[in-house]
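# here is my input; please provide its structure:
(one chain, ligands or ions: 1)
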Amino acid sequence: MTETKRKLPLRSAFTVILALVAALAAPCGAEAYQSVNKYVSNGHGYLNASYLVIHETANPGASAYNHTLLWSRNGTYAVHHVMELDGSTVYNTVAENRLCWHVGNGNRYTIGIELAHATNAADFAKQWNEAVKWAGDELRAHGWDTSRLLSHYEAAQRWGGSDHTDPNGYFRAYGKTWVDFKQAVAAYLGSGYVAPIAPTDGNGGTVASPTTTAKTGSGFGGTYRCNTGRLNVRTSPSMSGTVVAGYSYGQTVSLDDWYCISNGYVWGRYTSYSGHTRYIAVGKPTGGYDPNDYLVRVGAAQSTSAQARPAQSGYRAGRYRVVVGTLNVRSGAGTGYGVVTSYRYGQTVSLDGTFVTSGGYVWGRYTSYSGRVRWIAVGTTSGVAYARAC
Ligand SMILES: [Zn+2]
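I've put the predicted structure just below:
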């Protein structure tokens with residue numbers, strides 16, 4: 001009895017070893033790229049990608065491994081994956097559900113891989129073959145076809161915010177083109193058919209992205225009344241934003257002096273009692289008031305957003321100077337939100353007049369150049385200042 005019981009685990013362990021030996025000796029092992037996890041950064045926030053972008057490092061002869069070391073020291077511009085000069089290894093350096101800064105305005109729609117820049121034809125030929133396989137495997141893993149495969153150049157053309165043209169020049173130097181690459185990936189996937197680039201969809205972004213159409217100081221702010229049965233409140237100004245609340249007919253909401261156009265709607269913005277930034281579709285972009293709008297403006301802007309829990313008096317819109325060594329900039333009003341950048345002692349920032357208290361801090365808000373809402377702790381609720389009006 002006990003003897004039999006003791007033998008079973010031994011037998012299972014032996015089976016596992018056999019399976020491992022078989023896997024290592026499999027015919028694909030000799031040539032296929034190895035996928036190695038070597039995470040260097042947690043990126044710049046959450047990502048739900050719908051396209052794959054191919055880059056080259058523009059760093060001739062520098063290995064993919066050296067890029068992992070470089071990004072370990074400073075991960076600001078780390079990309080999700082990087083492939084070795086001879087295609088032998090793909091390092092997975094940032095998780096695919098984390099945002100990387102690699103293609104300008106297209107960052108929030110895309111996963112990226114950097115091909116280390118080979119300096120001889122033999123390495124390039126090996127890397128080309130492995131990159132084709134890797135891209136095919138990656139597309140298949142996401143349920144995508146070649147319509148989701150973009151060069152950095154194509155991504156830059158599509159979303160803007162980047163003037164890079166890679167990997168076109170790198171491929172051309174070895175007699176290949178980007179079209180050759182797409183055709184090879186399509187062949188690897190079995191169809192041989194290169195699909196046209198996928199059309200704009202809920203998660204694919206529009207050319208006129210929210211960040212390029214966002215407007216402040218336009219007199220848009222004010223009290224709005226809901227003119228429809230049910231109006232969703234979302235976490236981002238897009239139909240793909242998560243629905244977190246709703247307004248019913250007749251309810252009112254106080255919107256910031258800010259709007260953007262996205263997915264065919266004009267979106268307004270406010271800050272919830274909890275300090276979260278919320279978005280709501282006001283109506284179709286007709287250029288002015290329309291009786292069919294979901295929200296109808298019924299009053300002028302208030303001095304502060306009615307939805308924000310007001311911080312104690314003394315804080316108002318204007319320039320603030322940082323009076324501590326380093327002050328983190330976060331994506332939300334709380335220390336639980338990601339740090340996206342920071343200010344140093346003496347630097348100034350223009351806050352828009354919305355202040356909320358959370359976690360013992362008073363948080364002030366501004367909109368970054370890229371159109372994103374940012375928050376800094378201007379001080380503690382007990383009166384210690386981190387930034388002062390100037
Ligand atoms: Zn690139």
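# what's the span of stretch 182-198, first residue to last?
Taking C-alpha to C-alpha, to the nearest Å, the first and last residues of stretch 182-198 lie 14 Å apart.
# do stretch 325-344 as well
Stretch 325-344: ends 6 Å apart by C-alpha to C-alpha.
# likewise stretch 103-111?
By C-alpha to C-alpha, the extent of stretch 103-111 from end to end equals 10 Å.
# check contacts around the closest residue to residue 164 other than its chain neighbours.
Of all residues not flanking residue 164 in the chain, residue 152 sits nearest, at 4.9 Å (C-beta to C-beta, 6 or more residues apart in numbering). C-beta coordinates here come from the backbone N, C-alpha and C atoms, glycine included. Neighbouring residues of residue 152 by C-beta atoms under 8 Å, 6 or more residues apart in numbering: 53-55, 102-103, 112, 162, 164-167.
# poorly predicted segments of the chain, please.
1-31, 199-218, 286-291, 300-313 (pLDDT under 70).
# how does it divide into domains?
Domain assignment for the chain, taken from automatic domain parsing, gives 25-189, 210-299, 318-389.
# now do the second one: distance to the chain's middle.
With C-alpha atoms, centre = their mean, to the nearest Å as the basis, domain 210-299 stands 22 Å off its chain's centre.
# quick one on the thing from earlier: backbone phi and psi for the residue nearest to residue 164, please?
When read as degrees, to the nearest 10, the backbone of residue 152 gives phi -60, psi -40.
# hang on, the earlier thing: kindly reformat the domains of the chain as a markdown table containing distance to the ion.
Conversion of these to a markdown table gives the following (distance: least, C-beta to the ion, whole Å):
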| stretch | distance to the ion |
| --- | --- |
| domain 25-189 | 3 |
| domain 210-299 | 19 |
| domain 318-389 | 18 |
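# run a quick neighbour tally on residue 187.
14 (other C-beta atoms under 10 Å).
# could you give me the buried positions within whichever strand or helix holds it?
Using DSSP states H and E, residue 187 maps to helix 178-189. Residues of helix 178-189 classed as buried by neighbour count (16 or more other C-beta atoms under 10 Å): 178, 181-186, 188-189.
# ditto for stretch 359-375
Those would be 361-367, 371, 373-375, for stretch 359-375 by 16+ other C-beta under 10 Å.
# what does stretch 342-360 give?
Under 16+ other C-beta under 10 Å, the buried positions of stretch 342-360 are 343, 349, 351-358.
# next one: that stretch to chain centre, how far?
For stretch 342-360, the distance to the chain centre is 23 Å (C-alpha atoms, centre = their mean).
# distance across it, terminal residue to terminal residue?
Stretch 342-360: ends 20 Å apart by C-alpha to C-alpha.
# same check on stretch 88-107?
OK, stretch 88-107 end separation, C-alpha to C-alpha: 27 Å.
# likewise stretch 322-329?
Stretch 322-329 end-to-end distance (C-alpha to C-alpha) = 12 Å.
# now, which of the contacts of residue 152 lie within strands?
Under the assignment DSSP state E, those contribute 53-55, 112 to strands.
# can these go into a markdown table with extra columns for neighbour count?
Output for those, formatted as a markdown table (neighbours: other C-beta atoms under 10 Å):
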| residue | neighbour count |
| --- | --- |
| 53 | 29 |
| 54 | 26 |
| 55 | 23 |
| 112 | 26 |
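# export the residues you listed to CSV and tack on distance to residue 172?
Shown next, in CSV, are the ones in strands among the contacts of residue 152 (distance: C-beta to C-beta, whole Å):
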residue, distance to residue 172
53, 18
54, 14
55, 15
112, 20
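# hang on, residue 49 is in a strand, isn't it?
No - Residue 49: not assigned to a strand; according to DSSP: H, G, I helix; E, B strand; the rest coil it is coil.
# quick one: it and residue 96 touch, right?
Yes - at 6.7 Å, residue 49 counts as touching residue 96 under the criterion of C-beta atoms under 8 Å.
# between these two, what contacts are shared?
Common neighbours of residue 49 and residue 96 (C-beta under 8 Å, 6+ apart) are residue 111.
# ok, the two, which is more surrounded?
residue 49 (23 against 18).
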